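# Sequence isn't available, so here's the structure alone:
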């Protein structure tokens, strides 16, 4: 897989032209020409081996030669719901990292103690696409617009659900310990709070809504580190279950 | 522990004055005054409750009121040796994150395919100190100057030693699986290569020197993500052994 040119093309199998930005990169940066081979990823489980049929300054047409269905790298639907940090660059790197490590869905929560109540999904989506390409992921994670904490709890969700927080006064178990009690095919959702944590009231609302109260280990982690730690924990939890 | 002011003071127990930068922060930013309480961390396992005895524009003197010995959060000596990335900011965040999560020693390797052959330890050390303070770590990780890969292999190291790489042709087992076969008191060293990976020859040299050849899971990770993943894996491996 070395030296292969990957391009992200939603519906790659139904299209014949690269999206504008990808075309720019293909033609002006990589200088691809008619007849050159490239790989397309549709973000929905397929890679395509394709050949350039026409390369013009702003356009790159292609013909699919082979569709290569990818095996999922993990089971169950992994979902991280997090209150974004005040500094957006901390969220940006987290989004890049959880995409590399592997995640199905990322939601952003507006919480009582949130220091950021708006996010630009478009910018984050570009970071996700770049990480998907860089790490050769066959599935592009779903990024959701910010919702209120309350609204998120009201949504229906299958599988195991957890709320990670730092209140020692509220009974908690450890996320990694809990994940080992589930099945590797189960969906998992983990909530991570803002810099000032969830409010005690929010933790109670989540528990009432069926979320289990958990910690992420002994270390005091920043919000974005906690998000990445939760995702890595989901994967190692699955690995234990598969042994 | 909320609203507590933490300052990093090596040999805090033998000193009576904050280092210049910490004094600046204490007096000019936090506006501490004579009689105010603060917490000092010596980076060597102790916190100190102290009282300000004199606060001048560039000086802050104190008197220790209580030494509070901290329990280690993990066993064994955890050591990450990594080839730094071309973009230094990627290493900087990794150093921040592994400090938050918990590490005893970080070494930097100059490898055959390294894209960066020099690093400024001083700048990284400031990031480590800031992360130690932020995450209330009682021990400050040791940061080593860059050494050649060969020189690193020649150093004597106790415990389990692993080299993580991406060559599917070289027999590998999984780091997390391997760590579950050890004891939680054993020292662990993990080597992570540069963007272009270790050379096949380097992997062979490490194996000959007693390192086990491992992968970090199914995902294709950037160097800095691999470093953090290795450290999180060490901790969850310990957690499994403690069950």
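Thanks, I have the structure now. It should be emphasised that the depicted structure is a prediction, and the values quoted were computed from it without experimental measurement.
# Next, the distance between the ends of stretch A:47-66.
Criterion CA to CA, to the nearest Å; first-to-last residue distance in stretch A:47-66 is 8 Å.
# Check stretch A:151-158 too.
Start-to-end, stretch A:151-158 (CA to CA) is 16 Å.
# Would you mind splitting chain A into its domains for me?
A:6-69, A:78-241 (the TED database).
# Which of these sits closest to chain B?
Relative to chain B, the nearest member of these by CB to the nearest CB is domain A:78-241, separated by 4.6 Å. Backbone N, C-alpha and C define where each C-beta goes, glycine included.
# Is any residue of the closest one near chain B?
Yes - counting by CB under 8 Å from any CB of the partner chain, contacts between domain A:78-241 and chain B involve A:93, A:97, A:100-102, A:134-137, A:174, A:176-177, A:217-222, A:225, A:228-229, A:232-233, A:235-236, A:239-240.
# now the closest residue to residue A:9 other than its chain neighbours, what's its secondary structure?
Setting aside the residues directly before and after it, residue A:9 is nearest to residue A:40 in space (CB to CB, 6 or more residues apart in numbering or on different chains), at 4.6 Å. Assigned by DSSP: H, G, I helix; E, B strand; the rest coil, the conformation of residue A:40 is strand.
# Hmm, residue A:40 is touching residue A:48, no?
Yes - counting by CB atoms under 8 Å, residue A:48 is a contact partner of residue A:40 at 4.3 Å.
# residues bridging contact with those two, i.e. touching both?
A:9, A:12, A:64 (CB atoms under 8 Å, 6 or more residues apart in numbering or on different chains).
# The last one: what's it in contact with?
Under the criterion of CB under 8 Å, 6+ apart, the neighbours of residue A:64 are A:12-13, A:40, A:48-50.
# Could you do the first one as well?
Each residue near residue A:9 by CB under 8 Å, 6+ apart is listed here: A:15, A:18-19, A:22, A:40-42, A:48.
# follow-up on the earlier one: so which of residue A:40 and residue A:48 has more stuff around it?
residue A:40 (24 against 21; other CB atoms under 10 Å in any protein chain shown).
# elements contacting the longest helix along chain A?
In chain A, ranked by residue count with DSSP state H as the criterion, the top helix is helix A:223-241. Contact here means 3 or more CB pairs under 8 Å, 6 or more residues apart in numbering or on different chains; DSSP states H and E; on that basis helix A:223-241 packs against strand A:78-82, helix A:88-101, helix A:175-179, strand A:188-192, helix B:88-101, helix B:175-179, helix B:223-241.
# Let me have those in CSV, adding mean neighbour count and mean pLDDT as columns.
Formatted as CSV, the helices and strands packed on helix A:223-241 follow (neighbours: other CB atoms under 10 Å in any protein chain shown; pLDDT from 0 to 100):
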stretch, mean neighbour count, mean pLDDT
strand A:78-82, 25, 98
helix A:88-101, 21, 97
helix A:175-179, 21, 97
strand A:188-192, 26, 98
helix B:88-101, 22, 97
helix B:175-179, 21, 97
helix B:223-241, 24, 96
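# Save the ones you listed as TSV, and put in distance to residue B:76 too.
Formatted as TSV, those follow (distance: least, CB to CB, whole Å):
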stretch	distance to residue B:76
strand A:78-82	30
helix A:88-101	24
helix A:175-179	18
strand A:188-192	28
helix B:88-101	15
helix B:175-179	10
helix B:223-241	7
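# So which of the ones you listed is nearest residue A:163?
strand A:188-192 (4.4 Å; CB to CB).
# Point out the other helices and strands that the closest one packs with.
strand A:78-82, strand A:160-164, helix A:223-241.
# residues in contact with that strand?
A:76-83, A:109, A:152, A:157, A:159-164, A:175, A:179, A:182, A:198, A:206, A:211, A:214, A:223, A:226-227, A:230-231, A:234, A:237.
# So what's the gap between that strand and the chain middle?
12 Å (CA atoms, centre = their mean, to the nearest Å).
# swap in stretch A:178-192?
Distance, stretch centre to chain centre, for stretch A:178-192: 16 Å (CA atoms, centre = their mean).
# next one: stretch A:75-85
7 Å.
# which residues does the nearest residue to residue A:184 once chain neighbours are set aside contact?
With CB to CB, 6+ apart as the criterion, residue A:184 has its nearest non-adjacent residue at 4.0 Å, and that residue is residue A:241. Residues near residue A:241 by CB under 8 Å, 6+ apart: A:179-180, A:182-184.
# List only those of those flagged as buried.
A:179-180, A:182 (16 or more other CB atoms under 10 Å in any protein chain shown).
# can I get these in TSV with distance to residue B:121?
Below are the buried ones among the contacts of residue A:241 laid out as TSV (distance: CB to CB, whole Å):
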residue	distance to residue B:121
A:179	37
A:180	39
A:182	43
